[in-house]
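> show me how the following folds:
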Amino acid sequence: MKQNLAMIVAALALSLPVVGCKKASTVAVTTVAAPSGPVELKLKWPVGRRLVQNFGEQEGGEIVVAGMSQSTRQDKTTEQKFAVSIVKERAVGGHETEWKLLSCRMGVTNGTDTLLSFDTAQKSARDTVAGAFQRVVGSKVRCLLDYRGCVEKVDGAEDVRARLLSGVRGDSAALIKGMFDPGYFKRMLVLNSGQMLPENPVAPGDTWPAQFEIPLENCGSMVLDFTCTLQNWEQHDGRYCAHIAMAGTLRFDPSEATPGVSLSFEEGHCSGEMCFDLDLGTFVETSVQMELKLLVTPPVASHQPTVRYVGTGVCTTRLESVL
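Residues are numbered from 1 along each chain as shown. Alright, predicted model coming up:
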């Protein structure tokens, strides 16, 4: 049960992105002036564009098993870098994109014990999981995006996942099983999609709603309801961006969850910020912080105890370069 819960929390964390408009990128500087009135915030996907994006996540919390006097602390840190190429426009609207994994590092601790610790940049790493990720660095998948930039279909992810898990067993396999699952890229892209943008032109102070679902393998989905507010126009690496704040709640949709297992949010809150580049038409940085309380109730016939998870998560995306 602890393994299943760790996979659920990992899926939650990988789906959400955190901002700090502080690290410099190699995005070219322009001299575009700050808007003087309402502006349409629209994604731009020119064919031939290549973006390098960094996806990071930090998450930690307490696992409390019914009948046990002490809780268990689990913390996880993940950082991945992808090169994303816009291949072509789709006749039905949207774009075909290619994703290439450039690097990955991960650390997982359970109390004072280190369960995983690796960085694919360290070629001398002998850990089984590190070796598994080094095997898939350079792998490519094709993502078909709709007109909003949301993932409709992924080709090649299952092959990458099979190679990643080949030779990895036990707890290590449970901790990385959520990587490259059918909803993996959907979770990564959802906060950088047009679902987060307003339908009409906006000016500082304007608000709009945003709602979306994040698929969790065998566990249904997590539904986030946000209210977004355009705070101001601000410069980021010399470019004018829309600085957007968001706050809301999260809840669990049990449809398509594993039969017999009850997963519920006793409490769920989220907030964050986004920087949307007006000229490039893309998110430069996004961020979401989550506070949640999960209750997992296994089937009665399993004779397993109820598990409660109380934790926080901070997930980040950052655009490093655009060609």
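> quick one: pLDDT of residue 34?
Per-residue pLDDT puts residue 34 at 84.
> ditto for residue 98
Reading off the confidence values, residue 98 has pLDDT 97.
> so what's it closest to, chain neighbours aside?
Counting by CB to CB, 6 or more residues apart in numbering, residue 98 lies nearest to residue 85, which is 4.5 Å off, once chain neighbours are set aside. (C-beta placed from N, C-alpha, C; glycine too.)
> what residues of stretch 108-128 count as buried?
Across stretch 108-128, burial judged by 16 or more other CB atoms under 10 Å covers 108-110, 115-116, 118-120, 125.
> hang on, the earlier thing: what's the separation between the residue nearest to residue 98 and residue 164?
As judged by CB to CB, to the nearest Å, residue 85 and residue 164 stand 22 Å apart.
> and those two? which has more neighbours close in?
Neighbour count, other CB atoms under 10 Å: between residue 85 and residue 164, residue 164 has more, with 22 against 16.
> that one: what secondary structure?
Judged by DSSP: H, G, I helix; E, B strand; the rest coil, the three-state class of residue 164 is helix.
> do residue 305 as well
Residue 305 carries the three-state label coil when classified by three-state DSSP.
> determine the number of other residues adjacent to it.
Neighbour count of residue 305, defined by other CB under 10 Å: 15.
> got phi/psi on it?
Residue 305 adopts backbone torsions of phi -80, psi 160, taken as degrees, to the nearest 10.
> so what's it up against?
Contacts of residue 305 were listed using CB atoms under 8 Å, 6 or more residues apart in numbering, and they are 1, 65-68, 298.
> list the buried residues for the helix or strand residue 242 falls within?
Applying DSSP states H and E as the criterion places residue 242 in strand 239-257. Along strand 239-257, these residues count as buried under the neighbour rule (16+ other CB under 10 Å): 239-246, 248, 250, 252-253, 257.
> from the middle of its chain, how far away would the one helix or strand residue 285 maps to be?
Assignment of secondary structure by DSSP H and E places residue 285 within strand 282-297. Chain-centre distance of strand 282-297: 8 Å, with CA atoms, centre = their mean, to the nearest Å.
> show me what whichever helix or strand comes after that strand is packed against.
The C-terminal neighbour of strand 282-297 among helices and strands, as given by DSSP H and E, is strand 307-322. In this structure, strand 307-322 makes packing contacts with helix 2-15, strand 50-65, strand 282-297, judged by 3 or more CB pairs under 8 Å, 6 or more residues apart in numbering; DSSP states H and E.
> now do the buried residues in strand 307-322.
Residues of strand 307-322 classed as buried by neighbour count (16+ other CB under 10 Å): 307-311, 313-320, 322.
> start to end distance for stretch 88-101?
20 Å (CA to CA, to the nearest Å).
> contacts for that stretch, please.
With CB under 8 Å, 6+ apart, stretch 88-101 has contacts from 45, 47, 80-87, 136-149, 152, 160, 185.
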